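>>> return a 3D structure for these sequence lines:
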Amino acid sequence: MADEKPLPKLPMPLRRQKALKAAWKPLLLQWLVPGAGYWMIGQKGRARVFFGVWVLFCLLGALQLQFGAVHGIKGGVYVPTPGAWLPTLGALATTGIGPVYGAFAWAFGGAGTEPVRTLTQEYGASYVMVAGLLNWLCCFDLWDRVTGRWVFRLPKDEQEQAARGE
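Take a look at the predicted model:
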């Protein structure tokens, strides 16, 4: 036991202003075009997969919201509603899809829309909301990766391997 080498220490993650300075561009890009933040930090495979899933979910959502409408009545995407906290939370979740949310809110939500009339519209709204929530989760993961906090989510044995550079 006396001949064991002490493990090298992991570098401390970035904090405060240094973390903000390092992470704001990838996070903004990730929100604007899902997957672009990962692309910027060099994780191109992760960026491609996430962008593909995002496009698929948004496309499925748009198709189901469009073709699930009863007699042309639009509705389904959550928009912020003063005094109603549940639709506002749904809208915050859905804004994770980025600027495309504006097009969805214009086409399938907003003032003058009816509540969801069919199960197909509900599925469409759910697809769009899940795409938004997934992008918000990717933003949190991106923050951890850029600032160096991701290593501390690993089990202890994998942290030791990372400290040794294996």
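
>>> ok, longest helix in the protein?
In the chain, ranked by residue count with DSSP state H as the criterion, the top helix is helix 119-147.

>>> list the buried residues for that one?
In terms of neighbour count (16 or more other CB atoms under 10 Å), helix 119-147 has its buried residues at 120-125, 127-132, 134-136, 138-139, 141-147. C-beta: built from backbone N, CA, C; applies to glycine.

>>> that helix - contacts with which helices or strands?
Judged by 3 or more CB pairs under 8 Å, 6 or more residues apart in numbering; DSSP states H and E, helix 119-147 is in contact with helix 16-32, helix 36-40, helix 44-67, helix 85-94, helix 100-108.

>>> between helix 85-94 and the third one, find me the angle.
Calculated by axes from the mean of the first three to the mean of the last three CA atoms, to 10 degrees, helix 44-67 forms an angle of 130 degrees with helix 85-94.

>>> packing partners of helix 44-67?
Under the contact criterion of 3+ CB pairs under 8 Å, 6+ apart, helix 44-67 touches helix 36-40, helix 100-108, helix 119-147.

>>> chain center to the longest one: distance?
It stands for helix 119-147. Averaging C-alpha coordinates over helix 119-147 and over its chain gives two centres that are 4 Å apart (CA atoms, centre = their mean, to the nearest Å).
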